[in-house]
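>>> Got a sequence here, can you build the structure:
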Amino acid sequence: MTSAALPPGRAALSSPDHAVTTTHLTMHPSEVLFQGERQPLLLPACDHYAGSEKLMRKSMALQQELGPVFDITFDCEDGAAAGNEEAHARLVAELLNDADNTHKRIGARVHDVSSPHFERDIEIIVGSAAHNVAYIVLPKPDSVQDVMRAIETINVHAHKAGRQNLPVHVLIETHGALRGVFAIAALPQVECLSFGIMDFVSSHYGAIPANAMRTPNQFVHPLVVRAKLEIAAACHANGKVPSHNVTTEIKDSAVVATDAQRAAAEFGYTRMWSIHPSQIKPIVKAFTPRLSEVNEAAAILHEAQKTQWGPINQHGRLHDRASYRYYWTVLQRARLAGLSLPETAAALLDPKPTATETK
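Numbers count the residues shown, from 1 in each chain. I've put the predicted structure just below:
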């Protein structure tokens, strides 16, 4: 699976004269709720980075244990020792093609597009593991043109290997990338934007203090807050996934949990980096809807479906398609996090059967 997008497809009607209500009965809920609108992409809430062979294998074992509730990104940019870049890219491709890549939710961060190692990374990783890599992460672009040029290179090698529309994630960590963030988010092949806070702060050459790379100042310094909000807004405007920066504190899990909660509740992020295995579970938990919210969403959508998605009154509150879309996303996020869903919710989320399957 290359992304966790909502179920696609629209069932063909047997006759153009069908009434609107009949149309709604024959359509999957996702189609009813998003008619004429972009369906937002959804990805696992945690993106765990691993650079060395030991850590990459350890993360794969953990993903097998926990399931695809988190993604893994193998790191060629910072993971490879100087002078060993090609061998490291080959290792990444080998692990992507390994039988232990059970869930196909492992991506790779390559060198930046201006690096002499970029094209070789793509040639090796995409050329030999195109069908097993979930996405490619592009670091340090300085403009939308940089991203477009990188995607062209990715597509050359992906198409040769028989892979179309390989998803791309982009790190926003330069002034130029932030300036073009809405244009970058609008590129069809881009599915996620991540905030690279350390490079971003460093690019201000002391004008932003170092303590703005971590809590609490990362959530209050105006220039850092502005960058986070621009990234989140660009993603949501284009149905893409905003991914929050790392928490450098790896000994105290309460710090990463708090950071994830604030990123979600105050800044609109739906995903976050992990740089240590101990950070994965707190991040996933922070971005997972509460069970009470899941039950509420299931009850509301079940009632809505019975009324053919018209407005309903539940417990004295009006709900219509605007709120249905919100609760639909709640159920999708809960499923991605591995929660056991109420039976009514599971039925709503099941893909719509084809005409052949219903005969």
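
>>> now residue 172, which residues is it bridged with?
Beta-bridge pairing of residue 172 under DSSP bridges involves residue 195.

>>> who's in contact with it?
178, 181, 184, 193-196, 200, 227, 231 (CB atoms under 8 Å, 6 or more residues apart in numbering). (Glycine included, C-beta is placed from N, CA and C.)

>>> Check residue 131 too.
For residue 131, the contacting residues are 161-163, by CB under 8 Å, 6+ apart.

>>> Most neighbours among the residues you listed, which one?
Within the contacts of residue 131, residue 163 tops the neighbour count with 18 neighbours, counted by other CB atoms under 10 Å.

>>> Wait, it touches residue 129, no?
No: counting by CB atoms under 8 Å, residue 163 sits too far from residue 129 to count as a contact (9.5 Å).

>>> The host helix or strand of residue 345 - what's its average pLDDT?
Assessed by DSSP states H and E, residue 345 sits inside helix 343-349. What helix 343-349 shows for mean pLDDT is 80.

>>> Alpha carbons only: can I get that helix in PDB?
As requested, the backbone C-alpha atoms of helix 343-349 are provided in PDB (Å, rounded to 0.1, in the frame of the first residue of the first chain):
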ATOM      1  CA  GLU A 343     -19.300  -3.100  14.500                       C
ATOM      2  CA  THR A 344     -21.400  -0.300  13.000                       C
ATOM      3  CA  ALA A 345     -18.200   1.700  12.300                       C
ATOM      4  CA  ALA A 346     -16.400  -1.300  10.800                       C
ATOM      5  CA  ALA A 347     -19.300  -1.800   8.400                       C
ATOM      6  CA  LEU A 348     -19.200   1.900   7.400                       C
ATOM      7  CA  LEU A 349     -15.500   1.700   6.600                       C
END
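
>>> which secondary structure elements does that helix contact?
helix 291-306, helix 321-336 (3 or more CB pairs under 8 Å, 6 or more residues apart in numbering; DSSP states H and E).

>>> All the helices of the stretch 51-200 of the chain, in order from the start?
53-66, 85-96, 118-129, 144-160, 175-179, 181-186, 197-202 (DSSP state H, counting those that start in this stretch).

>>> Let's have those in CSV, adding distance to residue 38.
Output for those, formatted as CSV (distance: least, CB to CB, whole Å):
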stretch, distance to residue 38
helix 53-66, 29
helix 85-96, 30
helix 118-129, 27
helix 144-160, 19
helix 175-179, 22
helix 181-186, 11
helix 197-202, 27
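
>>> Go through those and name the closest to residue 340.
Residue 340 sits nearest to helix 53-66 of all the helices of the stretch 51-200 of the chain, at 14.7 Å, using CB to CB.

>>> what's next to that closest one, contact-wise?
With CB under 8 Å, 6+ apart as the test, helix 53-66 has contacts from 48, 50, 70, 72, 74, 91-92, 95, 98, 100-103, 105-106, 277, 280, 338.

>>> buried ones in that helix?
Buried positions in helix 53-66, judged by neighbour count with 16 or more other CB atoms under 10 Å: 55-56, 59-60, 62-63.

>>> That one vs helix 85-96, what angle?
If you take axes from the mean of the first three to the mean of the last three CA atoms, to 10 degrees, helix 53-66 sits at 20 degrees to helix 85-96.

>>> Report the mean confidence score over helix 53-66.
Helix 53-66 shows a mean pLDDT of 96.

>>> Kindly report the same for stretch 256-265.
Average pLDDT, stretch 256-265: 98.

>>> Can you give the contact residues for that stretch?
Taking CB under 8 Å, 6+ apart as the rule, stretch 256-265 contacts 215, 218-219, 228, 244, 247, 249, 269-270, 272, 274, 279, 282-283, 285-287.

>>> Pull the contacting residues for the nearest residue to residue 86 once chain neighbours are set aside.
Nearest residue to residue 86 in three dimensions, chain neighbours excluded: residue 120, at 6.1 Å (CB to CB, 6 or more residues apart in numbering). Contacts for residue 120 were tallied using CB under 8 Å, 6+ apart; they are 85-86, 89.

>>> now swap in residue 281 and tell me
Listed by CB under 8 Å, 6+ apart, the contact set of residue 281 reads residue 253.

>>> Which of the helices or strands spans it?
Per DSSP H and E: helix 277-287 holds residue 281.

>>> export that helix as PDB, just CAs?
In PDB, the C-alpha atoms belonging to helix 277-287 read as follows (Å, rounded to 0.1, in the frame of the first residue of the first chain):
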ATOM      1  CA  PRO A 277      11.700   3.500  19.500                       C
ATOM      2  CA  SER A 278      10.600   4.700  22.900                       C
ATOM      3  CA  GLN A 279       8.800   7.700  21.200                       C
ATOM      4  CA  ILE A 280       6.600   5.600  18.900                       C
ATOM      5  CA  LYS A 281       3.900   4.500  21.300                       C
ATOM      6  CA  PRO A 282       3.500   8.000  22.900                       C
ATOM      7  CA  ILE A 283       3.200   9.600  19.500                       C
ATOM      8  CA  VAL A 284       0.600   7.100  18.200                       C
ATOM      9  CA  LYS A 285      -1.400   7.400  21.400                       C
ATOM     10  CA  ALA A 286      -1.400  11.200  21.300                       C
ATOM     11  CA  PHE A 287      -2.800  11.300  17.700                       C
END
